[in-house]
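Engineer: Build me a model:
(one chain, ligands or ions: 1)
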Amino acid sequence: MSSVDTAADTLADLQERALAAIAAATTLDDLDEARVTFTGRKSDLATVQQSMGRISAEERPVLGKALNAFKAVVEGALADQREVLEAAALDRRLAGERLDLTIPPLAVPPGRPHLISQVQDLMVDTFVAMGWRVADGPEVESAAYAFDAMNIPPDHPARQDMDTIYLQDGRVDAYGLPEVILRPHTSPVQARVMRTQQPPIAIVIPGRTYRNDSVDATHSPVFTQMEGLMVGEGITMAHLRGSLQAFARAMFGPDRDIRLRPSMFPFTEPSAEVDVSWGTNPDGTTRWLEILGSGMVDPLVLSWCGIDPERYSGFAFGIGVERVAMLRHGVSDIRDFYEGDARFSAQF
Ligand code: PHE
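Structural biologist: Predicted structure coming up:
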């Protein structure tokens, strides 16, 4: 028997086994294994191909044809079976991914605004209901607006008292002091509004404020304030008192009173700390809790902002939103607001 006949026999046998293995493959991995076994570099087919070099020139085309026929048949079978298996795999995946729309959904607890947002909204709404508007300004502020416009010159102790966080971007003001800060209060927005708008002005400015404080039960380096500003003709301390009385009653209950204690802020003259009544002391006297700082806008601040202090006067106040929230909801540790514990948030 010539070597061509031997090779042809081997091929026929190989083809039979290959087709059987391909037909038996139930997964794409099985199929791949069959492909490697019957057509790979170490397969019997490879051996037959190598024998091409040893046979005579006349016989070579005969064997070549047989080899091509083998390859066409086996590769065709591989491709067909691959298609079948791929279609089956897709069917299985689709079946697995099918959604049963009749299954009742898991109950997802509804989210809600954070207590600070709730209280801030309520505080703002109290003034909006009285006809005030809302303004805002940048948290990254210039020292000029935060201090100079607010009558706090560079050598003023309040500039240190504020424990300001300076941003080290290299920009300095006319005094060589760092110019860019995180605002330590919302008061600079007073100046931003007054410099672009003539009276009458009645605005509240809620927003985040920053101080270089260490964290404890009543301090946080990031906190929230709401500024108030009313400027117009004939505005007096009586307007301040009436507005803040209405505010205190809206926030804490209709039977609240407020009292004003003399205080000192560089941007207001006179200035007053405002207390709200909070039940009675053991000795029967009214208990008072401090809630905010306020005063009549200093004429220097009005002038700096381009408002004529001979014609107009105004009052301003600044309230800590966390403080109001703590009093209103009996929260004793400011850190509870920021730690994001759902057991805390879910109570409000
Ligand atoms: N800006 C002051 C503070 O942060 C509060 C304040 C605002 C006082 C407006 C008076 C008038 O302490």
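Engineer: What is the burial count for the closest residue to the ligand within the stretch 1-150 of the chain?
Structural biologist: As assessed by CB to the nearest ligand atom, the ligand sits closest to residue 150 within the stretch 1-150 of the chain, at 7.6 Å. Bear in mind the C-beta positions are built from the backbone N, C-alpha and C, glycine included. Burial of residue 150 is recorded as 24 neighbouring residues (other CB atoms under 10 Å).
Engineer: Residue 34 too?
Structural biologist: Neighbours of residue 34 under the rule other CB under 10 Å: 24.
Engineer: tell me the contacts of the closest residue in space to the residue of the stretch 1-150 of the chain closest to the ligand that isn't next to it in sequence?
Structural biologist: Sequence neighbours aside, residue 267 is the residue nearest to residue 150 in space, at 4.3 Å (criterion: CB to CB, 6 or more residues apart in numbering). Listed by CB atoms under 8 Å, 6 or more residues apart in numbering, the contact set of residue 267 reads 150, 151, 152, 187, 190, 295, 297, 298, 301, 316.
Engineer: cutoff 6 Å now
Structural biologist: Residue 267 is in contact with 150, 151, 298, 301, counting by CB atoms under 6 Å, 6 or more residues apart in numbering.
Engineer: so which pair among the residues you listed is furthest apart in space?
Structural biologist: Comparing every pair within the contacts of residue 267 by CB to CB identifies 150 and 298 as the most remote, at 8.6 Å.
Engineer: all strands in this structure, in order from the N-terminus.
Structural biologist: 133-134, 140-142, 165-166, 180-182, 201-210, 222-232, 258-265, 268-280, 286-297, 313-320 (DSSP state E).
Engineer: next one: the fifth one to chain centre, how far?
Structural biologist: Using CA atoms, centre = their mean, to the nearest Å, the distance from the centre of strand 201-210 to the centre of the chain it belongs to is 21 Å.
Engineer: strand partners of it, parallel vs antiparallel please.
Structural biologist: Applying DSSP bridges to the sheet, strand 201-210 is found paired with strand 133-134 (parallel), strand 222-232 (antiparallel).
Engineer: Which stretch among the ones you listed approaches residue 34 most closely?
Structural biologist: Nearest to residue 34, of the strands paired with strand 201-210 and by CB to CB, is strand 222-232 at 66.0 Å.
Engineer: Format the CA atom coordinates belonging to the closest one as CSV.
Structural biologist: Only the C-alpha atoms of strand 222-232 are listed here, as CSV (Å, rounded to 0.1, in the frame of the first residue of the first chain):
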residue,chain,number,x,y,z
VAL,A,222,-18.2,73.1,58.4
PHE,A,223,-21.5,74.4,59.5
THR,A,224,-24.5,76.3,58.1
GLN,A,225,-25.7,79.8,58.6
MET,A,226,-28.6,81.9,57.5
GLU,A,227,-28.0,85.6,57.1
GLY,A,228,-30.8,88.1,57.0
LEU,A,229,-30.6,91.7,55.7
MET,A,230,-33.3,94.3,55.4
VAL,A,231,-32.4,97.8,54.1
GLY,A,232,-34.8,100.6,53.3
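Engineer: Quick one: mean pLDDT over it.
Structural biologist: The pLDDT scores in strand 222-232 average 98.
Engineer: cool, and stretch 146-157?
Structural biologist: Rounded mean pLDDT across stretch 146-157 is 89.
Engineer: and it, how far out from the chain's middle?
Structural biologist: The answer for stretch 146-157 is 33 Å, by CA atoms, centre = their mean.
Engineer: Contacts for it next, please.
Structural biologist: Residues outside stretch 146-157 that contact it (CB under 6 Å, 6+ apart) are 158-159, 175, 177, 181, 183, 187-188, 191, 266-267, 298, 300-301, 304.
Engineer: since we're on residue 338, how many residues are nearby?
Structural biologist: 14.
Engineer: so what's it closest to, chain neighbours aside?
Structural biologist: In this structure, residue 338 finds its nearest non-sequential neighbour in residue 220, 6.4 Å apart by CB to CB, 6+ apart.
Engineer: which residues does residue 116 contact?
Structural biologist: 224, 321, 325, 337.
Engineer: Most neighbours among those residues, which one is it?
Structural biologist: Most neighbours among those, by other CB under 10 Å: residue 325, with 26 neighbours.
Engineer: and the spatially closest residue to it that is not a sequence neighbour, how many neighbours?
Structural biologist: Spatial nearest neighbour of residue 325, chain neighbours left out: residue 119 (4.2 Å); criterion: CB to CB, 6+ apart. Neighbour count of residue 119, defined by other CB under 10 Å: 26.
Engineer: next one: residue 279
Structural biologist: Residue 279: 8 surrounding residues under other CB under 10 Å.
Engineer: Now the stretch 101-250 of the chain against the ligand: closest residue?
Structural biologist: Closest point on the stretch 101-250 of the chain to the ligand, by CB to the nearest ligand atom, is residue 185, at 3.4 Å.
Engineer: Show me what residue 286 bridges to in the sheet.
Structural biologist: Residue 286 has these beta-bridge partners by DSSP bridges: residue 280.
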